[in-house]
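Undergrad: Test case, fold it:
(chains A and B, ligands or ions: 1)
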Amino acid sequence: MSLRAKGAITGIGETAYLRGTERSALSLQMEAALAAIADAGISPRDIDGIIPYALGAVAEDFITNFAIPDLRFSAVTPMGGASAVAAIQAASAAIAAGICQHVLVTLGRTGYSGGRIGLRVAQMPQFRTITEFEMPLGAIGPAQLYAPMARRHMEMFGTTSRDFGEIAVATRAHAARNPRATMKKPITLEDHAASRMIADPLRLFDCSLESDGGTAFVVSAADRARDMPHPAVIVRGIAEGHPDSPSAITQRPDMTRLGIAKAAPRAFAMADMTPADIQVAEIYDCFTYIVLCQIEDLGFCAKGEGGGFVRDGAIGPGGRLPVNTHGGLLSQAHMAGMNHVVELVRQLRGDAGDAQVAGAMRGLVTGYGDMGDGSVAIMERAG
Amino acid sequence: MNETALPPIPAPSVETKPYWDGLAAHRLMIQACAECGKLRHYPRPVCDACFSLAVRWQELSGQGTVHSWTVTHHAFHPGFRDALPYTLVTVDLAEGVRLNAQWRGADPALRLGLAVRIGFEAGAGGFTLPVVLPD
Ligand SMILES: [Zn+2]
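TA: Residues are numbered from 1 along each chain as shown, chains lettered A, B, ... in the order given. You can find the predicted model right below:
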């Protein structure tokens, strides 16, 4: 049995994205969840499966807050920024097995007002080797841990900081068309080159935001989706992949290849599509380099050719492959890629406003997290 | 204002202590499989080649080449604020595993494949840390 077209995204919900809040992450998560459920045209009590983000609310919080009478499935997909899209695979599997009909996937966080990411890493069990062996050397934050991947890519393939700048500039140009983005002021390649160096080769404008907010979506049985309020957005291909040496980038045999390189061929085969079929892509962008590397690992171009692929606005508004049409983690908000899923659904519904890619019927969304885990979903609007 | 802030200090486990004890003696001791001999880093219970739980520790030469690097300009931890900017080098050790450590060369003209060697330096909390020196 394949998971092809077993699930559909039927509801999406977001809070306002902020840089500063006095609300709790749990409250933000509940607000987003209720918005997604209302968007799907169902009652909170119809939710019979829940996959919350691994750090935060648990399934029991939703049973309690919504008085859910019969929750039949709960899971977590603890893959950092790859969790949201990996949750689509877990939800599709539960639906295909007949366990449940409507799976709620949610995240709420106070990443700006609460704990910053560099401090969170030290508390996560999958990073105990990093905590013991690399943090005492001064390798503390994700930017520092990922920078050697970017540096090696540059040295191996001639990729430049300006190529990373193309991604930052294109993403901001998309954000300028999205009223929900927190950073809308256009930037130039010169602004990128002048931004403060954080962990060479990564500059400030190569790094994502820290944000407060909540995001949620509902994965429903595809055969139910046709009777729900919005055009059905069908999950045609779905996969997760884990890199070799998943928790220690230092020891990874090929530092320029992420877990998504294993997942992408499986997802495209399931969808019976190729990268040429994709009209819009929401690609996890904790750092600009991670977008470039995934573009290669997804097969949009060969390994080492990502710099050439993103040049001259190719992934910006009106480009040959619009990427992160909402502004991504770099310019909209850091919602661990949940907002990427929401944006792809908006695009395929034709509801993306000024950011809409004309005629978008097929797109993909990726997740990346926990030092290299990957996930990818290929979706299509039902014809 | 963070004059007293210390860098993070390792908390060795029973499985990792020989590595830290080795550094304290200025020896680069790396875990190896006692059955098939495959080296592995970071320390862990199982050999991924033969699945043996048997472990021995082997002293490496400290010779290697540059695999990649990064120069940190932002203080991610108050214990490293006074050290900025500092360079972290990922080294391909001659025997096959990799090691991260701060660069102590005068000229930061790093490139892939540059020959380097591992040295030892007193760190916070009484621990000895590896450093990377030009060969
Ligand atoms: Zn062995």
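Undergrad: so what's the residue lying closest to residue A:369 once chain neighbours are set aside up against?
TA: Closest residue in space to residue A:369, ignoring its immediate chain neighbours: residue A:80 at 2.5 Å, by CB to CB, 6 or more residues apart in numbering or on different chains. Every C-beta, even on glycine, is put in place using the N, C-alpha and C of the backbone. Applying CB atoms under 8 Å, 6 or more residues apart in numbering or on different chains to residue A:80 gives the contacts A:336, A:368-371, A:373.
Undergrad: and the gap between residue A:80 and residue A:355?
TA: 26 Å (CB to CB, to the nearest Å).
Undergrad: so is the residue of the stretch 201-350 of chain A found nearest chain B in a helix, a strand, or just coil?
TA: As assessed by CB to the nearest CB, chain B sits closest to residue A:250 within the stretch 201-350 of chain A, at 5.1 Å. Under DSSP: H, G, I helix; E, B strand; the rest coil, residue A:250 falls in the helix class.
Undergrad: At which residues are the strands of the chain located?
TA: No chain in the question, so chain A it is. A:7-14, A:49-52, A:73-74, A:102-110, A:197-200, A:202-203, A:212-221, A:233-241, A:280-282, A:362-369, A:373-381 (DSSP state E).
Undergrad: let's do chain B instead
TA: All strands of chain B, identified by DSSP E, fall at B:29-33, B:39-40, B:55-59, B:63-72, B:86-93, B:98-103, B:115-122, B:128-134.
Undergrad: Who are the packing partners of the fifth one?
TA: This means strand B:86-93. Other helices and strands packing on strand B:86-93, by 3 or more CB pairs under 8 Å, 6 or more residues apart in numbering or on different chains; DSSP states H and E, are helix A:142-157, strand B:63-72, strand B:98-103, strand B:115-122.
Undergrad: closest to the ion out of these?
TA: Among the helices and strands packed on strand B:86-93, the nearest to the ion by CB to the ion is strand B:98-103 (18.6 Å).
Undergrad: Give me the contacts around the closest one.
TA: By CB under 8 Å, 6+ apart, strand B:98-103 touches A:133-134, A:137-139, A:250-251, B:28, B:41, B:64, B:67, B:69, B:86-93, B:110, B:118, B:129-132.
Undergrad: try 7 Å
TA: Outside strand B:98-103, the residues within contact range by CB atoms under 7 Å, 6 or more residues apart in numbering or on different chains are A:134, A:137-139, A:250-251, B:41, B:67, B:69, B:86-93, B:118, B:129-132.
Undergrad: overlap between the residues you listed and the residues near the ion?
TA: Applying CB under 5 Å from the ion, the subset of these adjacent to the ion is empty.
Undergrad: Apart from its neighbours in sequence, what residue is nearest residue A:274?
TA: residue A:268 (6.1 Å).
Undergrad: repeat for residue A:129
TA: In space, residue A:129 is closest to residue B:42, 4.2 Å off (CB to CB, 6+ apart).
Undergrad: Next, the contact list for the one you found, please.
TA: Counting by CB under 7 Å, 6+ apart, residue B:42 has contacts A:129, A:133, A:248.
Undergrad: near chain A, which residues of chain B show up?
TA: B:7-11, B:16, B:41-42, B:67-74, B:76-77, B:80, B:83, B:86, B:88, B:90, B:97-98, B:100-102, B:112, B:123, B:127, B:129 (CB under 7 Å from any CB of the partner chain).
Undergrad: Just the buried residues out of these, in ChimeraX syntax.
TA: Applying 16 or more other CB atoms under 10 Å in any protein chain shown to those, the buried members can be selected in ChimeraX as follows:
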select /B:7,8,10,16,41,42,67,68,69,70,71,72,73,74,76,77,80,86,88,90,97,98,100,101,102,123,129
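Undergrad: nearest spatial neighbour of the one residue in the stretch 151-300 of chain A that gets nearest to the ion, skipping sequence neighbours?
TA: Using CB to the ion, the single residue of the stretch 151-300 of chain A nearest to the ion is residue A:251, 16.3 Å away. Nearest non-adjacent residue to residue A:251, counting by CB to CB, 6+ apart: residue A:245, 4.3 Å away.
Undergrad: Count residues in the vicinity of that neighbour, would you?
TA: 18 (other CB atoms under 10 Å in any protein chain shown).
Undergrad: and what of the one 5 residues further on?
TA: Burial of residue A:250 is recorded as 26 neighbouring residues (other CB under 10 Å).
Undergrad: residues contacting it?
TA: Contacts of residue A:250 by CB under 7 Å, 6+ apart are A:134, B:90, B:98, B:100.
Undergrad: And the furthest pair within the residues you listed?
TA: A:134 and B:98 (11.3 Å; CB to CB).
Undergrad: quick one on the thing from earlier: quick one, which of the helices and strands packed on strand B:86-93 is nearest to residue B:51?
TA: Across the helices and strands packed on strand B:86-93, residue B:51 has its closest neighbour in strand B:98-103 (22.3 Å, CB to CB).
Undergrad: tell me the angle that closest one makes with strand B:29-33.
TA: 170 degrees (axes from the mean of the first three to the mean of the last three CA atoms, to 10 degrees).
Undergrad: could you check the angle strand B:86-93 makes with strand B:98-103?
TA: 150 degrees.
Undergrad: Strand B:98-103: partners in the sheet, and parallel or antiparallel?
TA: With DSSP bridges as the test, strand B:98-103 is paired with strand B:86-93 (antiparallel), strand B:128-134 (parallel).
Undergrad: among those strands, which is the most enclosed?
TA: Greatest average neighbour count among those goes to strand B:86-93 (a mean of 22), per mean count of other CB atoms under 10 Å in any protein chain shown.
Undergrad: could you give me the average pLDDT of that strand?
TA: The pLDDT scores in strand B:86-93 average 98.
Undergrad: what's the nearest residue to residue A:106 if we skip its chain neighbours?
TA: residue A:216 (4.2 Å).
Undergrad: Tell me what the one you found is bridged to.
TA: Beta-bridge partners, per DSSP bridges, of residue A:216: residue A:13, residue A:106.
Undergrad: tally of neighbours for it?
TA: 31.
Undergrad: got the contact list for it?
TA: The neighbours of residue A:216, taking CB under 7 Å, 6+ apart as the test, are A:13, A:32-33, A:35-36, A:104-106.
Undergrad: one more time with 10 Å
TA: Counting by CB atoms under 10 Å, 6 or more residues apart in numbering or on different chains, residue A:216 touches A:11-15, A:29-37, A:39, A:52-53, A:84, A:104-108, A:335, A:338, A:341-342.
Undergrad: so which of these are also by the ion?
TA: Within these, nothing lies near the ion by CB under 5 Å from the ion.
Undergrad: near chain B, which residues of the stretch 201-350 of chain A?
TA: Residues of the stretch 201-350 of chain A lying near chain B by CB under 10 Å from any CB of the partner chain: A:201-204, A:207, A:244-245, A:247-253, A:255-256.
Undergrad: which of the residues you listed count as buried?
TA: A:201-204, A:207, A:245, A:247-252, A:255-256.
Undergrad: Distance to residue A:236 for those residues - can I get that in JSON lines?
TA: Shown next, in JSON lines, are those (distance: CB to CB, whole Å):
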{"residue": "A:201", "distance to residue A:236": "36"}
{"residue": "A:202", "distance to residue A:236": "34"}
{"residue": "A:203", "distance to residue A:236": "37"}
{"residue": "A:204", "distance to residue A:236": "37"}
{"residue": "A:207", "distance to residue A:236": "33"}
{"residue": "A:245", "distance to residue A:236": "31"}
{"residue": "A:247", "distance to residue A:236": "31"}
{"residue": "A:248", "distance to residue A:236": "34"}
{"residue": "A:249", "distance to residue A:236": "31"}
{"residue": "A:250", "distance to residue A:236": "37"}
{"residue": "A:251", "distance to residue A:236": "35"}
{"residue": "A:252", "distance to residue A:236": "30"}
{"residue": "A:255", "distance to residue A:236": "31"}
{"residue": "A:256", "distance to residue A:236": "28"}
